[in-house]
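Asker: Dropping the sequence and predicted coords here.
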Amino acid sequence: MASCNHDFFLVRFAHMSKSDLTKGLIIGFLMGLFFIIIGHNVIDSIQEGIYWFSISYFYLLPLIFPCLICIWLLFTSLIGKKFPIIYQIARFLSVGALNASISLGVLNALLMITGITEKNIIIYALISVFSNSLGIINSYFWNKVWTFKKELKAKGKEFILFYIFTGIGVLINMAITVLFARIIGPALNMSGGVLIGLIAPICGILTEAVWNFIIYKLLIFKNEQPSTV
């Protein structure tokens with residue numbers, strides 16, 4: 001019976017390429033590292049509601065996230081055999097999770113360095129735009145080569161279009177983030193590091209992700225040759 005179970009999982013993993021598995025592990029590990037930074041900024045707010053929660057839990061994430069990403073890719077690759085767009089969306093969301101981790105990690109690092117709060121809304125918005133810009137650069141190469149399987153070579157016009165339309169997504173993200181930080185969050189009795197460092201930006205990132213996938217698939221990467229990477 002144990003041998004049958006072992007063969008079952010080997011067959012399932014065979015449907016994933018080694019390249020996808022490797023990329024999933026890399027994405028998960030990097031996410032874990034950035035979440036350690038996030039943890040250091042939001043831990044005080046978390047402990048106000050969950051006193052026993054420790055920062056050490058965040059140090060487990062570089063081990064946990066790679067496993068979760070690979071399980072996610074495995075599951076969606078099986079569905080993707082019948083509906084290929086499902087696996088493409090799964091890769092896009094995996095890249096998006098890394099982009100979000102980079103944006104949130106940089107944002108929280110800058111919040112710790114500058115000490116600003118939700119009251120410093122202009123500086124907070126500028127920092128949010130800067131951290132999202134780093135995520136955009138990461139997003140371009142991961143989505144181009146892995147999500148949409150296009151040639152690795154960057155094209156000037158394509159990157160300009162990518163940055164313009166992704167920039168619109170960033171503005172959408174910023175608007176939603178500020179809305180949650182200044183209006184919706186306080187109305188729900190939320191405040192502090194968890195609100196401005198986690199909840200508000202995540203709401204913005206999720207809204208931006210919907211916009212980005214539609215634009216990337218229908219406009220930016222639609223006419224290129226497949227990548228062999």
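Answerer: Happy to help now that I have it. Numbers count the residues shown, from 1 in each chain.
Asker: Relative to residue 133, how far out is the nearest residue to residue 37 once chain neighbours are set aside?
Answerer: Closest residue in space to residue 37, ignoring its immediate chain neighbours: residue 105 at 4.4 Å, by C-beta to C-beta, 6 or more residues apart in numbering. In short, each C-beta sits where N, CA and C put it, glycine included. Note on residue 105: its distance to residue 133, by C-beta to C-beta, to the nearest Å, is 14 Å.
Asker: can you check residue 121 too?
Answerer: Taken as C-beta to C-beta, the span from residue 121 to residue 133 is 19 Å.
Asker: residue contacts, the residue nearest to residue 37?
Answerer: In this structure, residue 105 makes contact with 33, 34, 35, 37, 38, 131, judged by C-beta atoms under 8 Å, 6 or more residues apart in numbering.
Asker: what's the helix or strand for the second one?
Answerer: Spelled out, that is residue 34. In the assignment (DSSP states H and E), residue 34 maps to helix 18-49.
Asker: So which bits of that helix are buried?
Answerer: 20-21, 23-25, 27-35, 37-39, 41-43, 45-46 (16 or more other C-beta atoms under 10 Å).
Asker: again, but for stretch 129-146
Answerer: Neighbour-count burial for stretch 129-146 [16+ other C-beta under 10 Å]: 129, 131-133, 135-136, 138-140, 142-146.
Asker: if we can go back for a sec, can you tell me which helices and strands the helix holding residue 34 packs against?
Answerer: Here helix 18-49 touches helix 61-80, helix 84-114, helix 192-194, going by 3 or more C-beta pairs under 8 Å, 6 or more residues apart in numbering; DSSP states H and E.
Asker: After the helix or strand hosting residue 128, which helix or strand is next?
Answerer: Assigned by DSSP H and E, residue 128 belongs to helix 121-142. Scanning forward in sequence from helix 121-142 by DSSP H and E, the next helix or strand is helix 156-179.
Asker: Right, I'll call it a day here.
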